[in-house]
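Peer 1: could you work out the structure for the sequence below:
(one chain, ligands or ions: 1)
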Amino acid sequence: MKVEIEVSNLYKTYGEIVVFNHYNCTFYSQKYNCITGPSGMGKTTLLRMLMGLEGYDRGEITGIEGKRFSCVFQENRLLENFTGLENINMVLGNKREEKEILKEFENVGLYNSRHLPVYTYSGGMKRRLAIVRAILADYDIIVLDEPFKELDEKTYLKCLDYFEEKTKGKTVILSTHNLYEMERFGDHKIDIESNIIQ
Ligand SMILES: Nc1ncnc2c1ncn2[C@@H]1O[C@H](COP(=O)(O)OP(=O)(O)OP(=O)(O)O)[C@@H](O)[C@H]1O
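Peer 2: From the prediction side, this is the model:
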């Protein structure tokens, strides 16, 4: 497997809290890299550091320079007063054809809601919109922080199929607590607890 990102000897604190202490891990190219571990251990912090959104105290992260990241954040980060379609168009500009975008809305069951403002969407609809937005963007690495929570069983399984179809062969970094997702998208599994040397 080809290495995409290497995290070495990472030390990260928030005030008195030591989140990472000499932490090491590797992310592989064109694979599903699945991050797991108990709540509050630092999964989101690690993802944010990989994307350059968060600094760290010491250590090194190589392989992120000049890469384009696309992301599904835990909190969706959608513009609530704009429609689903507008949310996508604002991020993509004119890079994708309308037909292609509408196909994606159909794929995730949002076609009939495409002209409704996002504040009228349910939690699960917002998640699906955030996933579509991330998938349609141009990226080298796609990062997803627990993207499938809040979905009902049927929608969940449909979304997993859709996600797999769209991301197979790409470099994917997925944070999840879900055992099924870990198995299905765990070409490489990273247990955030296992490599912390106190
Ligand atoms: N901006 C911040 N300021 C202070 N402390 C923070 C900040 N962000 C995260 N932390 C702390 O860092 C630790 C790791 O948080 P993080 O959100 O990365 O965990 P997580 O593994 O993603 O949790 P979850 O699975 O619940 O999303 C926690 O103790 C958290 O309180």
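
Peer 1: got the residues of this protein near the ligand?
Peer 2: 14, 17, 19, 39-45 (Cβ under 6 Å from any ligand atom). C-beta: built from backbone N, CA, C; applies to glycine.

Peer 1: ranges for the strands of the protein?
Peer 2: For the chain, applying DSSP state E gives strands covering 3-14, 17-28, 32-36, 58-62, 69-72, 141-145, 171-175, 188-191.

Peer 1: the second one vs strand 32-36, what angle?
Peer 2: Just to be clear, that refers to strand 17-28. Interaxial angle, strand 17-28 versus strand 32-36 (axes from the mean of the first three to the mean of the last three Cα atoms, to 10 degrees): 160 degrees.

Peer 1: identify all contacting residues around strand 17-28.
Peer 2: Residues from elsewhere that reach strand 17-28 (Cβ atoms under 8 Å, 6 or more residues apart in numbering): 1-13, 33, 41-42, 45-46, 50, 56, 59, 63, 141, 171, 173, 187-188, 190, 195-198.

Peer 1: same thing but at 6 Å, please
Peer 2: By Cβ atoms under 6 Å, 6 or more residues apart in numbering, the residues outside strand 17-28 that reach it are 1, 3-10, 12, 33, 42, 45, 173, 188, 190, 195-197.

Peer 1: the spatially most central residue of the chain and the ligand: what is the separation?
Peer 2: The chain has L144 as the residue nearest its centroid, 1.1 Å off, counting by Cα atoms, centre = their mean. For L144, the distance to the ligand (Cβ to the nearest ligand atom, to the nearest Å) stands at 12 Å.

Peer 1: that residue reaches S70, doesn't it?
Peer 2: No. Using Cβ atoms under 6 Å as the test, L144 is too far from S70 to be in contact (9.0 Å).

Peer 1: how far away is G169 from the ligand?
Peer 2: 27 Å.

Peer 1: what does that residue show for phi and psi?
Peer 2: Here the main-chain torsion angles of G169 (degrees, to the nearest 10) amount to phi 90, psi 0.
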